[in-house]
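Asker: Sequence first, then the predicted structure:
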Amino acid sequence: MKRFFISILTIAIFLLFFVSCYYDNEEALYPTLSNACDTTNVIYSGTIAPILSNNCYSCHSNANATFGGGIHLQSIADVITNSPKIVVSIKQTGSKPMPPGGKLNSCSITQFDIWVRNGMPNN
Ligand code: HEC
């Protein structure tokens with residue numbers, strides 16, 4: 001009987017050891033979570049232009065602007081000119097929420113704000 005308890009105890013300790021050694025690696029389980037929003041290295045060419053290209057050019061590129069009320073967002077000069085409206089429209093709080101079919105992720109919205117606050121550099 002004593003032997004039986006000792007072996008149960010051994011197994012329990014063994015299992016405890018295994019259970020305690022298991023831990024979830026958040027970065028492995030949720031790879032997208034580890035892609036923290038980059039707010040320190042916001043540049044036009046690598047951050048802003050890709051956001052606009054992926055979400056806005058279908059209606060606001062030079063070729064497609066007829067779909068976007070004639071608003072061009074392909075050149076940095078046009079983006080700068082329209083920036084006050086863009087800031088409002090991408091937050092979707094005004095009367096013309098953009099893009100019409102959804103909302104940019106919060107990281108992109110934050111990055112656009114940062115770029116405007118930085119003086120809209122052409123970098
Ligand atoms: C499916 C087409 C479509 C897409 C995609 C789209 N827009 Fe628009 N956008 C429009 C149309 C149409 C108008 C004109 C709306 C109007 O004047 O009533 C417009 C107007 C605007 C305006 C002017 C708003 C104002 O206050 O006058 C801005 C700024 C704008 N879009 C920014 C964007 C940005 C930034 C994106 C991407 C994040 C985007 N749009 C994506 C169709 C689109």
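Answerer: Arrived safely, thanks for sending. Just so it is clear, the model here is predicted, and its values are computed rather than measured. Numbering: from 1, shown residues only.

Asker: Quick one: mean pLDDT over the host helix or strand of Lys85.
Answerer: Take DSSP states H and E as the rule and Lys85 turns out to sit in helix 76-91. In this model, helix 76-91 has an average pLDDT of 98.

Asker: Can you give me the buried ones in that helix?
Answerer: For helix 76-91, a neighbour-count test (16 or more other CB atoms under 10 Å) marks Ile76, Asp78, Val79, Ser83, Ile86, Ser89, Ile90, Lys91 as buried. All C-beta spots, glycine's among them, are computed from the backbone N, C-alpha and C.

Asker: which residue sits closest to the second one in space, ignoring its chain neighbours?
Answerer: In space, Asp78 comes closest to His72 once its chain neighbours are excluded; the distance is 4.4 Å by CB to CB, 6 or more residues apart in numbering.

Asker: Spell out the secondary structure type for the residue nearest the centre of the chain.
Answerer: Centroid-nearest residue in the chain: Cys107, 4.2 Å away (criterion: CA atoms, centre = their mean). With DSSP: H, G, I helix; E, B strand; the rest coil as the basis, Cys107 sits in helix.

Asker: Could you check the pLDDT of it?
Answerer: Taking Cys107 on its own, its pLDDT is 98.

Asker: So what does the nearest residue to it once chain neighbours are set aside have for phi and psi?
Answerer: Among residues not flanking Cys107 along the chain, Cys37 sits closest, at 3.7 Å (CB to CB, 6+ apart). When quoted as degrees, to the nearest 10, the phi and psi of Cys37 stand at phi -60, psi 120.

Asker: Quick check: the gap between Cys37 and Ile114.
Answerer: 10 Å (CB to CB, to the nearest Å).
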